[in-house]
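Undergrad: Build the 3D model from these lines:
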Amino acid sequence: MTLNAILITGRTINQGATIENKTSSDYQEATAYCELNPKDIGILGISPGSRVLVKTDHGDVVVKLKENKGNPDGMAFIPMGPWANAVVDPDTKGCGMPGFKGIPARIEPTDKKVLLMKELIARYK
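TA: The predicted model follows:
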């Protein structure tokens, strides 16, 4: 099953607290996930802790699924970091800041693994 959603990214306390060591497992735990509400998780037919493939017109990434009961229907959230950067609009439109909000995304269950940060970055070499 595939869920069409609007993706937003943003800072979180845990992302900020672990940013000094981006190759650590703590940083990956704080940033390599996608939050959906329970209804949207039900559409996917999986449970929190499962892995999902998030695809946009700008790229794709595998992350862990987390539940957030406060998310509106059809709204996905990935904390700022390398995993979010894999799917955001890189066009800064002259302002120097990529498009971190309002990105159409397709989310589906996957058996692929969540890449470590170094593995993810290596995809772009």
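Undergrad: Would you map the helices across the protein?
TA: Under the criterion DSSP state H, the chain contains helices at 13-18, 25-31, 38-44, 82-85, 117-122.
Undergrad: Deepest-packed of these, please.
TA: Highest mean neighbour count of the helices of the chain: helix 82-85, a mean of 22 (counted as mean count of other C-beta atoms under 10 Å). The way it works is simple: take the backbone N, C-alpha and C, and place the C-beta from them, glycine included.
Undergrad: Output the contacting helices and strands for it.
TA: Secondary-structure packing of helix 82-85 (3 or more C-beta pairs under 8 Å, 6 or more residues apart in numbering; DSSP states H and E): helix 25-31, strand 59-67, helix 117-122.
Undergrad: for the longest one, which positions count as buried?
TA: Okay, so that is strand 59-67. By neighbour count with 16 or more other C-beta atoms under 10 Å, strand 59-67 contains the buried residues 61-66.
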